[in-house]
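K.L.:
Based on what follows, work out the 3D shape:
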Amino acid sequence: MRRSFVWGDGPSHDLAKAPMKKRKDSTKRKDSTTCMSTSKPKEVRSRATDSDVSNDQDVEIVHPSTVAVDPPALEETAVQSAMPLDIFTSYISQIQEESAISVCDSSVTVFALPDFDVHHSKLTVRKYHIVERCVKTVEGTCQWIYCCSCSRREQELVRSLASGITAGSSRISENYCIHIKAVVHIVSKFDLQHDIEADLNNGDHNYTTHASTYAAVAMPTVRTDEVFDVFGDDIFCIGCDSPSGSLSYGILHCSGNIVCLTCSYGSHSCVHVSQLQKLLENEDNIVSLSLLDTVQAIKNSLSCNKKVPSTVKNPICLSTQEINFDVNPGQLTNTPGYSPHKFCQDNGSVKLVTHEKSCPRCSTQLCDKEIDGGQCSSIQLFTRTSVFEATVYDKTCDSCGHSLPFDGRAEAILNMGSFLVSHDLLRDYMYHFLQTGLTLFGYHQTLCKHMADAGIVKFQLTYNKFRLAWHSFVQLLDIHYDDGFMCPVCGTSPKVVICDGTALSFRRELMPSLMEQSGNEEESRAIGSSFQERMFVKTARGRQLLQAFLSDGLSPPDMEELRRNVPSSLEAVLSNPFPEYLKPFLEILAKKSPICGLLHPSRKLHDFITDICNGEGVSDSVEKMQYLQHQIPALFEVMKHTDGHCVPEYLRPLLRDLLVVAERPFAGKVQVSNHLSSETGGMDDLSFFPALPCVRDRGKYVADGKRNAGGKVCKKSSGGHPSLLPGLFLLHCEHGRIFCLPSVFSF
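P.N.:
Residues are numbered from 1 along each chain as shown. The predicted model follows:
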């Protein structure tokens, strides 16, 4: 046996020439096959397996120098080992080997790289990610802060932060995804070589080298074109202005049509796709030769791989004969559906021919000449254990031209036109469903696993096809579902009908508290809890004018009317010019919606709004911006575009008034306890029946005490029975079979 052990570019060591030594005691022997150290120099061992070396000797190799193996040194060290690499190390190695990471801008702050398929441990170009970095000052020190397009929320959070961060940056770095970690690992060498440091005063960098992408040896080229190719066939990167005003990069797959791999997968209408389509239409205005070559390459990809419009619709079931639900044991054993291998021809396909002897339209006798050299179709037959190629022959009437497709009832096969499904497979799911309640999707997933175990990797019976086949099979079964709601003895016309009013609760008179008033009407009122009071702009006319002002502007008379219909804090904002990015926030106030939908009242929110209205910084704190992003997204969008790290002065009075309206229903009220009080009565005594116990009290609001002079209740509530609570009313025959609703209407 010969085994080599290689370190980097060093010499190869032949393990067969290594000195022998006696076997140590088995209790003292280590289990590891390879020992690597990162501390002081020590010997490194590589032990062969027991199947390769006799049981009375071990193999040892000694290296004189210290060896350190970790992910950063991966490109410098190659070790033959049977141990699999971890996900991150494998991702890094494949990116460097394929030169799969690209720089998107001249300042070397935006990078594009493919995703990693964890299950197959390989790069996948079906999904691309954009990693960005920016310089932030954290406690007086400039640092790179990264974000990735795989988490849109995290990306928006990093972009919204101010240039100086007082606290919370560690929370971002601790949550870095594998894509950011890969970029940080690879780009650190490039930064070191070009003396790139995180510094707010240096401005944008501009570097040009002679390689196109990050690789293990070569350094990257900084791409300045608007569109350029990246790793993968027919895949390009484009930069364009996003609706928010910032520069947005996207990865586009141009094969037949243009699909964005960075936005929602399969997006055909994002800003990146629209920008590329405009660029292709204005090819004559392009000056850059490299960009012109890229555009021409995109056009070639789109024309060469242009997809022909598909005329194939959803499969249609061609089988029409009724299928028996109950079959005799062994009745279907010798059919092509259950034993297709017995009917295979020399070429391995199953020959299937319709059994019709005469035309159902004109009664003309049909001949079998089409079988010898006529029309036939080759489609797949899916069974419970395998997939077969089938040749299906149809018959056509010479007199009337009527076509008779293959039905498949006698062969225990369902003909779906473009594919065949054996009754064996469909009945197998039917029994699983009847016995265990297995879902159709769950069965299909299990079937795909079985086919993969059998070596059928490309199993083309998709869930949609299987679902359509199952529904067609159920419709052909000789089952009359209405019979389940009909007595087998009485039939549809029972001679005796029993009407039974079954109440599920006790009588109303046993609960005297139901007849009493639940509480004093005046005591139930909570100021500010009605729907109109919880809106910021109370009048409908004011909301209408505010919406018109934000859309197209108002005339001076309408503007005066608007000022009279809105609170003073909002009037102060509208009276002065305000930035465009504030309009979406003001449009929320013009809606007929309570303010508690914008501000969710809580003690923490109260303290937060109070602090930022007193001038405390927001965008310089990761924790505050994250809280704002989760709790008040509309205000978060405003702070993203605000200069400085504090809320603007003109918005602070408005925020205070919004908080007052949101908290008014709970202001000065005793907080409702999370525990059920002992003073429950009235309807609370019944709130648990039959299985939902009351776990906490509820507050009292204006709607609880509203009653008009006539004492009428809500129109949606009926008067109710004077002595019984709601229950069920049953209609059944003397044999106890309950009738369905259509049967009731027929009486």
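K.L.:
Any idea how far apart the tips of stretch 410-419 sit?
P.N.:
17 Å (CA to CA, to the nearest Å).
K.L.:
just use 16 as the starting number from now, easier for me
P.N.:
In the new count, where the first residue is 16, that last one comes out as stretch 425-434.
K.L.:
Identify each buried residue in it, please.
P.N.:
426-432, 434 (16 or more other CB atoms under 10 Å). C-beta: built from backbone N, CA, C; applies to glycine.
K.L.:
Stretch 156-165 now?
P.N.:
Result for stretch 156-165 [16+ other CB under 10 Å]: buried residues 157, 159-165.
K.L.:
Contacts for stretch 481-500 next, please.
P.N.:
Stretch 481-500 has contacts (CB atoms under 8 Å, 6 or more residues apart in numbering) with 329-330, 332, 334-340, 429, 431, 434, 436, 438, 441, 444-445, 455, 459, 462, 752-755, 757-758.
K.L.:
ok so residue 589 is a helix residue?
P.N.:
Yes: counting by DSSP: H, G, I helix; E, B strand; the rest coil, residue 589 is part of a helix.
K.L.:
show me the contacts for it.
P.N.:
561, 564, 577-578, 581, 601.
K.L.:
and what of residue 640?
P.N.:
With CB under 8 Å, 6+ apart, residue 640 has these contacts: 172, 175-176, 633-634, 651, 654.
K.L.:
Check this structure for its longest strand and report it.
P.N.:
Looking across the chain with DSSP state E, the single longest strand is strand 137-153.
K.L.:
helices or strands up against that one?
P.N.:
For strand 137-153, the packing partners by 3 or more CB pairs under 8 Å, 6 or more residues apart in numbering; DSSP states H and E come out as helix 102-113, strand 125-132, strand 156-163, helix 167-175, strand 179-180, helix 193-208, strand 262-270.
K.L.:
so can I have TSV of those showing mean pLDDT?
P.N.:
Compiled in TSV, the helices and strands packed on strand 137-153 are given as follows (pLDDT from 0 to 100):
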stretch	mean pLDDT
helix 102-113	89
strand 125-132	90
strand 156-163	89
helix 167-175	88
strand 179-180	84
helix 193-208	88
strand 262-270	86
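K.L.:
Of all those, which one comes closest to residue 676?
P.N.:
Nearest of the helices and strands packed on strand 137-153 to residue 676, taken as CB to CB: helix 167-175 at 26.3 Å.
K.L.:
contacts for the closest one?
P.N.:
By CB under 8 Å, 6+ apart, helix 167-175 touches 147, 149, 160-164, 187, 190, 261, 634, 637, 640-641, 644, 651, 654-655.
K.L.:
Sketch out the low-pLDDT regions of the stretch 166-315 of the chain for me.
P.N.:
Within the stretch 166-315 of the chain, the segments meeting pLDDT under 70 span 215-239, 258-260, 279-281.
K.L.:
Show me where it has its strands.
P.N.:
Per DSSP state E, counting those that start in this stretch, the stretch 166-315 of the chain carries strands over the ranges 179-180, 242-244, 250-256, 262-270, 272-275.
K.L.:
coming back round to it: I'd like the buried residues of stretch 156-165 laid out as JSON lines, including distance to residue 485.
P.N.:
Converted to JSON lines, those look like this (distance: CB to CB, whole Å):
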{"residue": "157", "distance to residue 485": "62"}
{"residue": "159", "distance to residue 485": "55"}
{"residue": "160", "distance to residue 485": "52"}
{"residue": "161", "distance to residue 485": "48"}
{"residue": "162", "distance to residue 485": "45"}
{"residue": "163", "distance to residue 485": "41"}
{"residue": "164", "distance to residue 485": "39"}
{"residue": "165", "distance to residue 485": "36"}
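K.L.:
of the residues you listed, closest to residue 245?
P.N.:
Nearest to residue 245 among the buried residues of stretch 156-165, counting by CB to CB, is residue 164 at 14.0 Å.
K.L.:
pretty sure that closest one contacts residue 277?
P.N.:
Yes: contact criterion CB atoms under 8 Å: residue 164 and residue 277 qualify, at 5.6 Å.
K.L.:
Can you name the residues that contact residue 562?
P.N.:
With CB under 8 Å, 6+ apart, residue 562 has these contacts: 602, 605.
K.L.:
That one: helix or strand, and which one exactly?
P.N.:
helix 555-566 (DSSP states H and E).
K.L.:
Average pLDDT for that helix, rounded please.
P.N.:
Per-residue pLDDT values across helix 555-566 average out to 91.
K.L.:
Could you pull out the buried residues of it?
P.N.:
For helix 555-566, using 16+ other CB under 10 Å, the buried residues are 557-558, 560-562, 564-565.
K.L.:
so which of these comes closest to residue 254?
P.N.:
residue 565 (31.1 Å).
K.L.:
quick one, what contacts residue 242?
P.N.:
Residue 242 neighbours (CB under 8 Å, 6+ apart): 251-253, 291, 294, 306, 309-310, 313.
K.L.:
thinking again about what came up before, mind listing the shared neighbours of residue 164 and residue 277?
P.N.:
With CB under 8 Å, 6+ apart as the test, residue 164 and residue 277 both reach 144-145.
K.L.:
coming back round to it: list buried residues within the contacts of stretch 481-500.
P.N.:
Buried by 16+ other CB under 10 Å: 330, 332, 334, 338, 429, 431, 434, 436, 438, 441, 444-445, 459, 462, 752, 754, 758, out of those.
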